[in-house]
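> pasting a predicted model and its sequence here:
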Amino acid sequence: MSLQSSRKSLAGAPALAVHRGSREDALRRGAVLFFHGLGGSKEVNERELGVFADRGLFAVGIDVVGHGERCYLDFGARFTHDNPRVKEEFLQVVQATANEVPAVLDALVALGAHPERLGISGASLGGFISYRALLVDRRLRVAAPLIASPEWALPLPESPHRHLERFFPVALFSQTAGLDEVVHPSLARTFHARLEPLYAQAPERLRYREFPLSGHMMRPADWDEAIRDAADWVVRFLDVEQAPP
């Protein structure tokens with residue numbers, strides 16, 4: 001049974017949905033949001049969406065605020081290292097996109113998504129959004145952020161690392177790159193170490209992994225493994241039944 005894809009708007013957010021079999025069955029099995037990196041779009045990760053969809057999920061790529069179909073007209077000026085406010089611009093995008101997640105989930109549930117089988121993932125910028133979204137909407141049961149950090153570069157009260165008590169019982173699997181020159185892996189590593197006591201009653205719901213030989217642009221084999229394992233993690237903790245081949 002081949003993968004099917006469609007473009008739609010979910011609560012005003014441009015989205016690309018990928019699933020195997022009927023839309024209704026995939027939504028019932030479980031839905032996962034996937035957010036792309038800085039400068040990307042929902043189409044950039046269509047292959048990754050397919051990996052999640054192959055596990056039976058209704059996989060949805062979203063254009064981050066200021067990207068893709070709603071790209072800022074001055075995107076290049078906002079996100080250049082010459083802009084002294086580039087960190088603020090980045091975190092504004094993180095917060096604005098995460099704040100849309102409740103309405104996006106509402107739209108998915110209205111389409112038929114199982115309200116207790118909702119997950120999130122994303123890479124780089126998308127991983128930052130994933131961490132923040134867990135604090136914005138408690139319906140998210142599982143998260144698999146990649147090459148991202150729960151600790152922000154600016155001392156803002158919204159930074160996820162300041163709210164450890166709000167993560168359990170979310171099944172959280174963070175994957176980083178040991179040679180990452182953009183997002184240092186120690187930030188997620190330290191965060192997970194601080195979370196461990198809060199997950200003592202269900203330690204299997206917390207996992208951290210680092211790929212020691214990859215930088216921010218991960219080696220292809222490492223990236224493929226990370227995406228496969230992220231998809232398996234989401235399926236495991238949403239208790240998703242497998243779609244027919």
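Looks like it came in fine.
> could you use CA atoms for every contact and neighbour count after this?
OK.
> pLDDT weak spots in this structure?
Within the chain, the ranges that satisfy pLDDT under 70 run 1, 241-245.
> what are the ranges of the strands in it?
With DSSP state E as the criterion, the chain has strands at 3-10, 13-20, 31-35, 58-62, 118-123, 140-146, 171-177, 206-211.
> which among those strands is found nearest to Val104?
Ranking the strands of the chain by their distance to Val104 (criterion: CA to CA) puts strand 3-10 first, at 5.4 Å.
> which strands and helices sit next to the closest one?
Packing partners of strand 3-10 (3 or more CA pairs under 8 Å, 6 or more residues apart in numbering; DSSP states H and E): strand 13-20, helix 46-54, helix 86-111.
> let's have the strands of the chain in TSV, adding distance to Arg162.
Converted to TSV, these look like this (distance: least, CA to CA, whole Å):
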stretch	distance to Arg162
strand 3-10	30
strand 13-20	28
strand 31-35	22
strand 58-62	26
strand 118-123	20
strand 140-146	17
strand 171-177	16
strand 206-211	18
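> mind putting the ones you listed into CSV with mean neighbour count?
Listed next are the strands of the chain as CSV, based on neighbours: other CA atoms under 10 Å:
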stretch, mean neighbour count
strand 3-10, 15
strand 13-20, 24
strand 31-35, 30
strand 58-62, 30
strand 118-123, 27
strand 140-146, 27
strand 171-177, 26
strand 206-211, 18
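> closest one to Met218 among these?
Met218 lies closest to strand 171-177 among the strands of the chain, at 7.0 Å (CA to CA).
> what about the strands of the chain, which gets the closest to Tyr72?
Across those, closest to Tyr72 is strand 13-20 (CA to CA), at 14.2 Å.
> what's across from the nearest residue to Val234 once chain neighbours are set aside in the sheet?
Using CA to CA, 6 or more residues apart in numbering and skipping residues adjacent in sequence, the residue nearest Val234 is Val142, 6.0 Å away. On the basis of DSSP bridges, Val142 is bridged to Gly119, Ala171.
> bridging residues for Phe34?
Gly61, Ser121.
> ok so, going back, dump the helices and strands packed on strand 3-10 into TSV; add distance to Met218 as well.
Converted to TSV, the helices and strands packed on strand 3-10 look like this (distance: least, CA to CA, whole Å):
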stretch	distance to Met218
strand 13-20	24
helix 46-54	14
helix 86-111	21
